[in-house]
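*Asks:* this one's sequence-less:
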């Protein structure tokens, strides 16, 4: 099994505060991996290290086969990123956004043309190619943002709360797109604090206070801990850690 | 509040912004001591409805009364008697926790001390941080402060616009526990949320989508609105299983639902046992011998999708 993400004892301190403390895990190619935690649990710090934006204090990580500390440029070329808060430029058209991101990731004009066209056809958005992204309904924007993040065919794509706020039907359309990409071999790394969104992941890791408090498939975790939902489990592990004074 | 007056009555409320219909013929009631939930995704019209009920915006059509006062004609009588916690963090980030509460109290001509008993169950949790700037609080603590500020003038009714959006699961639960305590003290509340699972926390639920009411009633009544039976199918390779189920000749809608797939049959009157037997045979024949099938209770989200009317399509395959 090919590993898309390998994390070993990854640690980041800011002064005397340890934001991420010796976390280790693997993510296989084509897996949908959920990285969960409350605000301040260390998720963002960990993601910044995995995407080459922040150097670890100690430990190591490889993403798409490249070392995040020594091969930062290679890491960035082989990953995609989509966040609900920021992904596309509202005042550029659908086509201009694709050109921009394709260009940033070094695709040739011809590749941008071909893949952009194919993307719009798949999304049934060809008619809106020259509409401003800001005018699109939220659901379309999310689906487009996800597709644009895949334009350069990254090995690993990082999604930050990909389906927050959208209606239940659009949410499922988005998850179907995510599964389709995973089936083609793209590794999906989802960060979220919405536990119902986490239920869609193949495997999840719950971060509490910079450490991994639980990891496994959603059904394994629910069975092991005797809870009905990941939400319940999350509340339990987060409160247990708070009670320890950790 | 005098007897017999309903805290909120909205009748046929409509609002447009240019070509966009933000609210279309929305009617609802909040009865004394009741928590009513407006449940729906972004763009559903929830915030517009709050602004109209809080007398911050005029409706284009229909009418509404809050605590017996018309929201247009009687706005000055409404404002001092309601508490309104807007969706976006609306406190002063560079004032301390205590200064924010004191400021909101003074706006309503009262004091922190006079309102202390009302806000105590909530405010006591953030009081240890009373000197901290509001901008430096965590998401859950900000919401507790916002709630304290909207309660300090001892309102008779509370409007809460997405109090749990953007806060983590632990804070979300704590906030609902606090709202439960307020409800027990008799405070009527209208609360909006994009999280379908929070509907079960409410006495009455109004499902909203693109300015329209899809349904309203108690959570149980809404659960019963799902047409026909629903089956939960679980198995490995969920995406392949989804594609296979959609290709089954009797398939109605098949949707992802976390780890599970929800299957509804296209035959309206097929008995559950017949549907299960047919599915079993089909899944065995298509290589999904290990998949399990069971009859399940539809949840609010299933009902919401069924009422939205637009089928889930595999535009991604």
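*Replies:* Okay, I see it. Bear in mind the structure is a predicted one, so any value in this text is a computation, not a measurement.

*Asks:* ok, residue 174 - contacts?
*Replies:* As the question left the chain open, I've gone with chain A. A:139, A:142-143, A:146, A:162-163, A:166 (C-beta atoms under 8 Å, 6 or more residues apart in numbering or on different chains). The way it works is simple: take the backbone N, C-alpha and C, and place the C-beta from them, glycine included.

*Asks:* hmm, no, I was thinking of chain B.
*Replies:* Neighbours of residue B:174 in contact, by C-beta under 8 Å, 6+ apart: residue B:140.

*Asks:* host element of it?
*Replies:* helix B:169-184 (DSSP states H and E).

*Asks:* check which residues of that helix are buried.
*Replies:* Buried residues in helix B:169-184, defined by neighbour count with 16 or more other C-beta atoms under 10 Å in any protein chain shown: B:169-176, B:178-179, B:182-183.

*Asks:* grab the nearest non-local neighbour of the residue of the stretch 151-300 of chain B found nearest chain A.
*Replies:* Here the residue of the stretch 151-300 of chain B nearest chain A is residue B:258; by C-beta to the nearest C-beta that distance is 3.0 Å. Spatially, and ignoring its direct neighbours in sequence, residue B:258 is nearest to residue A:199 (3.0 Å; C-beta to C-beta, 6 or more residues apart in numbering or on different chains).

*Asks:* thought the one you found was touching residue A:233?
*Replies:* No. Judged on C-beta atoms under 8 Å, residue A:199 makes no contact with residue A:233 at a distance of 10.8 Å.

*Asks:* more neighbours: the two, which one.
*Replies:* residue A:233 (25 against 20; other C-beta atoms under 10 Å in any protein chain shown).

*Asks:* beyond whichever strand or helix holds residue A:212, next helix or strand please.
*Replies:* Element membership for residue A:212, per DSSP H and E: strand A:211-216. Toward the C-terminal end, the helix or strand that comes next after strand A:211-216 (DSSP H and E) is helix A:218-225.

*Asks:* any idea of the angle that next one forms with strand A:211-216?
*Replies:* For helix A:218-225 against strand A:211-216, the angle by axes from the mean of the first three to the mean of the last three C-alpha atoms, to 10 degrees is 110 degrees.

*Asks:* pLDDT on stretch A:146-161, on average?
*Replies:* The average pLDDT within stretch A:146-161 is 94.

*Asks:* should've said stretch B:185-205
*Replies:* 93.

*Asks:* stretch A:36-46 too?
*Replies:* Throughout stretch A:36-46, pLDDT has a mean value of 88.

*Asks:* in the chain, which spans are helices?
*Replies:* Assuming you mean chain A. A:43-50, A:72-77, A:94-104, A:109-123, A:138-149, A:168-183, A:195-198, A:218-225, A:230-244 (DSSP state H).

*Asks:* please go with chain B instead
*Replies:* Taking DSSP H, the helices of chain B run over residues B:46-53, B:75-79, B:97-107, B:112-126, B:139-151, B:169-184, B:219-223, B:238-246, B:272-285, B:300-308.

*Asks:* dump those helices to a markdown table, plus distance to residue B:59.
*Replies:* A markdown table is the format used below for the helices of chain B (distance: least, C-beta to C-beta, whole Å):
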| stretch | distance to residue B:59 |
| --- | --- |
| helix B:46-53 | 5 |
| helix B:75-79 | 12 |
| helix B:97-107 | 25 |
| helix B:112-126 | 30 |
| helix B:139-151 | 23 |
| helix B:169-184 | 27 |
| helix B:219-223 | 25 |
| helix B:238-246 | 43 |
| helix B:272-285 | 45 |
| helix B:300-308 | 24 |
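
*Asks:* of all those, which lies closest to residue A:180?
*Replies:* helix B:238-246 (6.9 Å; C-beta to C-beta).

*Asks:* now that closest one: buried residues?
*Replies:* So, applying 16+ other C-beta under 10 Å, buried residues of helix B:238-246: B:238-239, B:241-246.

*Asks:* swap in stretch A:180-189?
*Replies:* A:180-182, A:186-189.
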